[in-house]
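In: My questions are about this predicted structure, shown below with the sequence.
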Amino acid sequence: MPADGYFLLTLALKVVVAAGFVIVATVIAERAGAFIGSLIVTLPVSTGPAYIFIALDHEASFVARAALTSVYNNVPTAFYTATFVIMAQRFGPWLSVAVGLLVWFMMTYLFSQTAWTLTPAIAANVVVVAAFFFLVRAFREAPMPRLPMRWSDLLLRAVLVGVLIAAVVTLSFTIGPEKTGILASFPATFTATMLILHRRVGGKATAAVMAHSLVGLLGFGLCMAVLNLAAVPIGPPLALCLAFLFSISWNAATLLLRRAGVPL
(Lines give C-alpha, C1' and ligand atoms only; values in the text may rest on other atoms or scores of the structure.)
Protein backbone atom coordinates (compact mmCIF):
# COMPACT_ATOMS: atom_id res chain seq x y z
CA MET A 1 0.00 0.00 0.00
CA PRO A 2 1.32 3.54 -0.78
CA ALA A 3 2.51 5.55 2.21
CA ASP A 4 -0.29 8.11 1.87
CA GLY A 5 -2.93 5.41 1.70
CA TYR A 6 -1.49 3.63 4.74
CA PHE A 7 -1.48 6.87 6.73
CA LEU A 8 -5.11 7.64 5.84
CA LEU A 9 -6.19 4.10 6.71
CA THR A 10 -4.47 4.14 10.10
CA LEU A 11 -5.80 7.66 10.77
CA ALA A 12 -9.35 6.50 10.04
CA LEU A 13 -8.94 3.52 12.39
CA LYS A 14 -7.59 5.78 15.16
CA VAL A 15 -10.52 8.20 14.77
CA VAL A 16 -13.12 5.40 14.82
CA VAL A 17 -11.63 3.69 17.89
CA ALA A 18 -11.29 6.93 19.88
CA ALA A 19 -14.76 8.22 18.95
CA GLY A 20 -16.35 4.89 19.90
CA PHE A 21 -14.63 4.95 23.29
CA VAL A 22 -15.87 8.47 24.04
CA ILE A 23 -19.43 7.67 22.94
CA VAL A 24 -19.60 4.74 25.36
CA ALA A 25 -18.17 6.81 28.21
CA THR A 26 -20.53 9.75 27.73
CA VAL A 27 -23.61 7.53 27.38
CA ILE A 28 -22.73 5.96 30.73
CA ALA A 29 -22.30 9.43 32.20
CA GLU A 30 -25.77 10.51 31.08
CA ARG A 31 -27.39 7.43 32.57
CA ALA A 32 -25.56 7.55 35.91
CA GLY A 33 -26.53 10.96 37.32
CA ALA A 34 -24.60 14.19 37.90
CA PHE A 35 -21.92 12.97 40.32
CA ILE A 36 -21.16 9.63 38.66
CA GLY A 37 -21.39 11.32 35.29
CA SER A 38 -18.75 13.84 36.33
CA LEU A 39 -16.38 11.02 37.27
CA ILE A 40 -16.86 9.41 33.85
CA VAL A 41 -16.29 12.56 31.80
CA THR A 42 -13.12 13.48 33.73
CA LEU A 43 -11.45 10.19 32.87
CA PRO A 44 -8.99 10.61 29.96
CA VAL A 45 -11.52 9.31 27.44
CA SER A 46 -10.46 11.67 24.65
CA THR A 47 -6.98 12.74 25.79
CA GLY A 48 -6.00 9.14 26.54
CA PRO A 49 -6.44 7.85 22.98
CA ALA A 50 -4.72 10.99 21.70
CA TYR A 51 -1.65 10.26 23.83
CA ILE A 52 -1.63 6.61 22.81
CA PHE A 53 -1.30 7.69 19.20
CA ILE A 54 1.28 10.36 20.11
CA ALA A 55 3.33 7.66 21.85
CA LEU A 56 3.14 5.44 18.78
CA ASP A 57 4.51 8.20 16.56
CA HIS A 58 7.07 9.96 18.78
CA GLU A 59 9.88 9.32 21.25
CA ALA A 60 9.51 9.36 25.03
CA SER A 61 10.86 12.89 25.51
CA PHE A 62 8.24 14.25 23.10
CA VAL A 63 5.48 12.52 25.10
CA ALA A 64 6.87 13.88 28.38
CA ARG A 65 7.04 17.47 27.13
CA ALA A 66 3.53 17.26 25.66
CA ALA A 67 2.22 15.87 28.96
CA LEU A 68 3.75 18.79 30.89
CA THR A 69 1.84 21.16 28.63
CA SER A 70 -1.35 19.22 29.32
CA VAL A 71 -0.76 19.62 33.08
CA TYR A 72 -0.70 23.41 33.06
CA ASN A 73 -3.27 23.64 30.28
CA ASN A 74 -5.69 21.80 32.54
CA VAL A 75 -6.12 25.13 34.37
CA PRO A 76 -7.86 26.82 31.41
CA THR A 77 -10.26 23.87 31.36
CA ALA A 78 -11.17 24.65 34.98
CA PHE A 79 -11.91 28.25 33.93
CA TYR A 80 -13.97 26.91 31.01
CA THR A 81 -15.94 24.62 33.33
CA ALA A 82 -16.73 27.30 35.90
CA THR A 83 -17.74 29.76 33.18
CA PHE A 84 -20.11 27.23 31.64
CA VAL A 85 -21.68 26.36 35.00
CA ILE A 86 -22.54 30.00 35.63
CA MET A 87 -23.65 30.75 32.06
CA ALA A 88 -25.84 27.63 31.81
CA GLN A 89 -28.05 28.81 34.66
CA ARG A 90 -29.60 31.41 32.34
CA PHE A 91 -28.47 30.84 28.76
CA GLY A 92 -28.71 28.17 26.06
CA PRO A 93 -26.08 25.55 25.16
CA TRP A 94 -24.40 27.33 22.26
CA LEU A 95 -23.89 30.65 24.02
CA SER A 96 -22.80 28.96 27.26
CA VAL A 97 -20.25 26.80 25.45
CA ALA A 98 -19.09 29.65 23.18
CA VAL A 99 -18.35 31.94 26.14
CA GLY A 100 -16.65 29.08 27.99
CA LEU A 101 -14.48 28.26 24.99
CA LEU A 102 -13.56 31.91 24.57
CA VAL A 103 -12.33 31.89 28.16
CA TRP A 104 -10.45 28.64 27.48
CA PHE A 105 -8.65 30.07 24.45
CA MET A 106 -7.77 33.28 26.28
CA MET A 107 -6.39 31.44 29.32
CA THR A 108 -4.56 28.94 27.10
CA TYR A 109 -2.83 31.80 25.30
CA LEU A 110 -1.87 33.49 28.58
CA PHE A 111 -0.54 30.26 30.11
CA SER A 112 1.46 29.45 26.98
CA GLN A 113 3.48 32.65 27.46
CA THR A 114 5.17 31.20 30.57
CA ALA A 115 7.94 28.56 30.65
CA TRP A 116 6.30 26.13 33.07
CA THR A 117 7.92 23.42 35.15
CA LEU A 118 5.97 20.60 36.77
CA THR A 119 5.73 21.83 40.37
CA PRO A 120 4.26 25.29 39.56
CA ALA A 121 1.91 23.66 37.03
CA ILE A 122 0.58 21.27 39.70
CA ALA A 123 0.28 24.12 42.21
CA ALA A 124 -1.72 26.18 39.70
CA ASN A 125 -4.10 23.25 39.22
CA VAL A 126 -4.65 22.83 42.97
CA VAL A 127 -5.23 26.54 43.65
CA VAL A 128 -7.55 27.20 40.71
CA VAL A 129 -9.60 24.00 41.05
CA ALA A 130 -10.02 24.58 44.80
CA ALA A 131 -11.21 28.15 44.21
CA PHE A 132 -13.73 27.14 41.55
CA PHE A 133 -14.87 24.13 43.61
CA PHE A 134 -16.24 26.50 46.25
CA LEU A 135 -17.46 29.04 43.68
CA VAL A 136 -19.78 26.63 41.85
CA ARG A 137 -20.73 24.18 44.60
CA ALA A 138 -24.14 25.85 44.95
CA PHE A 139 -24.99 24.66 41.43
CA ARG A 140 -24.17 20.98 41.97
CA GLU A 141 -27.62 19.68 42.89
CA ALA A 142 -30.17 19.31 40.10
CA PRO A 143 -32.31 16.35 38.95
CA MET A 144 -31.09 14.44 35.89
CA PRO A 145 -34.08 13.26 33.82
CA ARG A 146 -33.81 10.03 31.87
CA LEU A 147 -34.34 10.56 28.13
CA PRO A 148 -33.98 8.17 25.17
CA MET A 149 -30.70 8.44 23.27
CA ARG A 150 -30.80 9.98 19.79
CA TRP A 151 -28.48 9.06 16.93
CA SER A 152 -27.79 12.76 16.26
CA ASP A 153 -26.32 13.09 19.77
CA LEU A 154 -24.05 10.09 19.22
CA LEU A 155 -22.94 11.54 15.89
CA LEU A 156 -22.03 14.88 17.48
CA ARG A 157 -19.88 13.15 20.08
CA ALA A 158 -18.15 11.08 17.41
CA VAL A 159 -17.48 14.13 15.21
CA LEU A 160 -16.02 16.26 18.03
CA VAL A 161 -13.64 13.56 19.20
CA GLY A 162 -12.83 12.40 15.68
CA VAL A 163 -11.76 15.91 14.70
CA LEU A 164 -9.59 16.16 17.83
CA ILE A 165 -7.83 12.84 17.21
CA ALA A 166 -7.30 13.58 13.51
CA ALA A 167 -5.80 16.97 14.37
CA VAL A 168 -3.47 15.53 17.01
CA VAL A 169 -2.22 12.71 14.79
CA THR A 170 -1.64 14.83 11.71
CA LEU A 171 -0.34 18.03 13.29
CA SER A 172 1.93 16.56 15.99
CA PHE A 173 4.71 16.07 13.42
CA THR A 174 4.84 19.79 12.63
CA ILE A 175 3.70 21.80 15.69
CA GLY A 176 6.03 20.35 18.33
CA PRO A 177 5.31 18.76 21.73
CA GLU A 178 4.04 21.88 23.52
CA LYS A 179 1.30 22.69 21.00
CA THR A 180 0.57 18.97 20.69
CA GLY A 181 0.00 18.84 24.45
CA ILE A 182 -2.41 21.77 24.20
CA LEU A 183 -4.26 20.16 21.32
CA ALA A 184 -4.41 16.75 23.01
CA SER A 185 -5.86 18.27 26.18
CA PHE A 186 -8.55 20.27 24.40
CA PRO A 187 -11.74 19.52 26.42
CA ALA A 188 -13.54 17.66 23.63
CA THR A 189 -15.44 15.36 26.00
CA PHE A 190 -16.48 18.29 28.18
CA THR A 191 -17.66 20.25 25.14
CA ALA A 192 -19.66 17.32 23.75
CA THR A 193 -21.20 16.67 27.16
CA MET A 194 -22.12 20.34 27.63
CA LEU A 195 -23.75 20.71 24.22
CA ILE A 196 -25.62 17.42 24.24
CA LEU A 197 -26.83 17.34 27.84
CA HIS A 198 -27.84 21.00 27.85
CA ARG A 199 -30.07 20.41 24.82
CA ARG A 200 -31.51 17.24 26.33
CA VAL A 201 -31.89 17.85 30.07
CA GLY A 202 -31.51 21.63 30.46
CA GLY A 203 -28.84 24.01 31.69
CA LYS A 204 -29.17 23.43 35.43
CA ALA A 205 -28.82 19.64 35.23
CA THR A 206 -25.87 19.93 32.84
CA ALA A 207 -24.25 22.56 35.06
CA ALA A 208 -24.58 20.14 37.99
CA VAL A 209 -22.54 17.53 36.13
CA MET A 210 -19.85 20.05 35.24
CA ALA A 211 -19.78 21.56 38.75
CA HIS A 212 -19.18 18.10 40.17
CA SER A 213 -16.38 17.51 37.64
CA LEU A 214 -13.80 19.83 39.22
CA VAL A 215 -12.43 17.22 41.64
CA GLY A 216 -12.06 14.76 38.78
CA LEU A 217 -10.50 17.50 36.67
CA LEU A 218 -7.77 17.94 39.27
CA GLY A 219 -7.19 14.19 39.08
CA PHE A 220 -6.84 14.49 35.31
CA GLY A 221 -4.15 17.16 35.71
CA LEU A 222 -2.26 14.92 38.12
CA CYS A 223 -2.69 12.00 35.70
CA MET A 224 -0.85 14.06 33.07
CA ALA A 225 1.84 14.85 35.68
CA VAL A 226 2.35 11.11 36.19
CA LEU A 227 2.78 10.69 32.43
CA ASN A 228 5.30 13.54 32.34
CA LEU A 229 7.38 12.03 35.15
CA ALA A 230 7.24 8.43 33.94
CA ALA A 231 7.45 8.66 30.14
CA VAL A 232 11.25 8.83 29.87
CA PRO A 233 12.31 6.55 32.78
CA ILE A 234 9.98 3.62 32.02
CA GLY A 235 8.87 4.35 28.45
CA PRO A 236 5.57 5.71 27.10
CA PRO A 237 3.56 2.44 27.07
CA LEU A 238 4.07 1.72 30.78
CA ALA A 239 3.83 5.41 31.62
CA LEU A 240 0.45 5.63 29.90
CA CYS A 241 -0.79 2.59 31.81
CA LEU A 242 0.41 4.13 35.07
CA ALA A 243 -1.23 7.49 34.26
CA PHE A 244 -4.55 5.86 33.34
CA LEU A 245 -4.43 3.73 36.50
CA PHE A 246 -3.86 6.89 38.55
CA SER A 247 -6.86 8.60 36.94
CA ILE A 248 -9.15 5.64 37.59
CA SER A 249 -7.89 5.33 41.17
CA TRP A 250 -8.41 9.06 41.81
CA ASN A 251 -12.00 8.97 40.64
CA ALA A 252 -12.68 5.72 42.50
CA ALA A 253 -11.30 7.27 45.70
CA THR A 254 -13.48 10.35 45.11
CA LEU A 255 -16.53 8.10 44.82
CA LEU A 256 -15.66 6.22 48.04
CA LEU A 257 -15.08 9.46 49.96
CA ARG A 258 -18.39 10.83 48.69
CA ARG A 259 -20.22 7.73 49.86
CA ALA A 260 -18.46 8.05 53.22
CA GLY A 261 -20.01 11.49 53.63
CA VAL A 262 -17.16 13.74 52.49
CA PRO A 263 -18.74 16.68 50.57
CA LEU A 264 -16.89 16.27 47.29
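Out: Looks like it came in fine.

In: Could you find the residue nearest the spatial middle of this structure?
Out: P187 (4.4 Å; C-alpha atoms, centre = their mean).

In: Torsion angles phi and psi at that residue?
Out: With angles defined as degrees, to the nearest 10, P187 sits at phi -80, psi 70.

In: Now for the closest residue in space to it that isn't next to it in sequence: which residues touch it?
Out: Nearest residue to P187, sequence neighbours excluded (C-beta to C-beta, 6 or more residues apart in numbering): T77, at 4.9 Å. Yep, even glycine has a C-beta here, placed from its N, CA and C like the rest. The contact partners of T77, by C-beta atoms under 8 Å, 6 or more residues apart in numbering, come to W104, S185, P187, F190, L217.

In: Okay, and which of these map to helices?
Out: W104, F190, L217 (DSSP state H).

In: Tell me the most packed of the residues you listed, by neighbour count.
Out: Neighbour count (other C-beta atoms under 10 Å) singles out L217 as the most crowded of the ones in helices among the contacts of T77, with 27 neighbours.

In: Cross-check the contact I'm expecting between that residue and V129.
Out: Yes - look at L217 against V129 with C-beta atoms under 8 Å: they come within range, at 6.2 Å.

In: what is in contact with the two at once?
Out: With contacts defined as C-beta under 8 Å, 6+ apart, the residues shared by L217 and V129 are A78.

In: ok, back up a step: least confident of the ones in helices among the contacts of T77?
Out: Ranked by pLDDT, the ones in helices among the contacts of T77 bottom out at F190 (83).

In: Roughly how far does that one sit from T42?
Out: 9 Å (C-beta to C-beta, to the nearest Å).

In: shared neighbours of these two, anything?
Out: Residues touching both F190 and T42 (C-beta under 8 Å, 6+ apart): S213.

In: So, low pLDDT: which residues of the stretch 51-200 of the chain?
Out: Within the stretch 51-200 of the chain, the stretches with pLDDT under 70 are 144-151, 153, 157, 160-161, 164-165, 167-173.

In: quick one, phi/psi of G33?
Out: According to degrees, to the nearest 10, G33 has phi 100, psi 170.
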